[in-house]
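**Q** what's the 3D shape of this:
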Amino acid sequence: MVSAQLDLIRKIVGVIGNIIALCLFLSPTSTFIRIVKKKSVEEYSPIPYLATLINCLVWVLYGLPMVHPNSTLVVTINGTGIVIEIVFLTIFFVFSGRQKQRLVIAGVLAVEMVFVVILAVLVFTLQHTTNKRTMSVGLVCCVFNVMMYASPLAVMKMVIQTKSVEFMPFWLSLAGFLNAGVWTIYALMPLDPYIAIPNGIGCVFGLAQLILYAIYYKNTQKIMAERQKQSIGELSLSRAIVRI
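**A** Below is the predicted model of the structure:
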């Protein structure tokens, strides 16, 4: 009876985790709308989206019945994440004004796809029990999940240097924190260390981003307001010159 109740609670938490994870995957939508409108990626980095894609790919492999049975919720949300990240990376690729950056994106994508194919082939041919496959793929998932949560570190460094959170989307940081928290709870009923460990670390990274956002939000507003005033002043000056 207790086991059945625990299983039901775990499923409910998993569904909540799917909803929050979907919000996490979709949270950069406003950023990409801005990119499309401006036809430029500005100072945004493709690293978080490349890291999220490889993370989703290995988790789909982990959740397959032949690897880790009874992980439908893991497969569904990460499969959805793959589609979303491919759309975002396509937009990033199209509006990137630097050929070098495009080559990096294409190169990393190729490496990620080859890596996942090789991993799948090795696991299915060399290991013949779900326990062994779970351990092998689970360890890989831990690494890439931590990389996904740690990918904004470069952006966090820029935030500290510029004292501005303009290029660190708030909703992405919040969704990342909530997503890591819910999946940590999910992994404790019963214990799944391959989900619990990276998402526990993700909680720490997510909280750090939110703290930075709170610290530099007001300063960011001042910087953007001053930039807007400067732009208006330059526009007025140019109009005055034209009239003369």
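**Q** gap between the two ends of stretch 186-194?
**A** 12 Å (CA to CA, to the nearest Å).
**Q** residue numbering should commence at 27 henceforth.
**A** Renumbered: residue one is now 27, and that last one reads stretch 212-220.
**Q** for that stretch, list every residue counted as buried.
**A** 212-213, 218, 220 (16 or more other CB atoms under 10 Å). Yep, even glycine has a C-beta here, placed from its N, CA and C like the rest.
**Q** again with stretch 99-109
**A** For stretch 99-109, by 16+ other CB under 10 Å, it's 99-104, 106-108.
**Q** redo the residues you listed as JSON lines? Include pLDDT, secondary structure and distance to Leu233.
**A** Shown next, in JSON lines, are those (pLDDT from 0 to 100; DSSP: H, G, I helix; E, B strand; the rest coil; distance: CB to CB, whole Å):
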{"residue": "Leu99", "pLDDT": "86", "secondary structure": "helix", "distance to Leu233": "24"}
{"residue": "Val100", "pLDDT": "87", "secondary structure": "helix", "distance to Leu233": "24"}
{"residue": "Val101", "pLDDT": "91", "secondary structure": "helix", "distance to Leu233": "28"}
{"residue": "Thr102", "pLDDT": "91", "secondary structure": "helix", "distance to Leu233": "27"}
{"residue": "Ile103", "pLDDT": "90", "secondary structure": "helix", "distance to Leu233": "22"}
{"residue": "Asn104", "pLDDT": "92", "secondary structure": "helix", "distance to Leu233": "23"}
{"residue": "Thr106", "pLDDT": "94", "secondary structure": "helix", "distance to Leu233": "25"}
{"residue": "Gly107", "pLDDT": "93", "secondary structure": "helix", "distance to Leu233": "22"}
{"residue": "Ile108", "pLDDT": "94", "secondary structure": "helix", "distance to Leu233": "27"}
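**Q** what is the nearest of those to Glu69?
**A** Gly107 (24.4 Å; CB to CB).
**Q** mind listing what the closest one touches?
**A** For Gly107, the contact set (CB atoms under 8 Å, 6 or more residues apart in numbering) comprises 47, 51, 78-79, 81-82.
**Q** and Val39, what helix or strand is that in?
**A** helix 28-52 (DSSP states H and E).
**Q** what mean pLDDT would you report for the following helix or strand past that helix?
**A** Heading C-terminal from helix 28-52, the first helix or strand you meet, by DSSP H and E, is helix 55-64. When pLDDT is averaged along helix 55-64, the result is 87.
**Q** report the buried residues of helix 55-64.
**A** Neighbour-count burial for helix 55-64 flags 57-58, 61 (criterion: 16+ other CB under 10 Å).
**Q** unless I'm misreading it, Lys189 sits right up against Tyr242, doesn't it?
**A** Yes: with contacts counted by CB atoms under 8 Å, Lys189 reaches Tyr242, the gap being 5.5 Å.
**Q** follow-up on the earlier one: can I get the buried residues of stretch 99-109 in JSON lines with distance to Leu200?
**A** Listed next are the buried residues of stretch 99-109 as JSON lines, based on distance: CB to CB, whole Å:
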{"residue": "Leu99", "distance to Leu200": "22"}
{"residue": "Val100", "distance to Leu200": "22"}
{"residue": "Val101", "distance to Leu200": "25"}
{"residue": "Thr102", "distance to Leu200": "23"}
{"residue": "Ile103", "distance to Leu200": "18"}
{"residue": "Asn104", "distance to Leu200": "20"}
{"residue": "Thr106", "distance to Leu200": "19"}
{"residue": "Gly107", "distance to Leu200": "17"}
{"residue": "Ile108", "distance to Leu200": "22"}
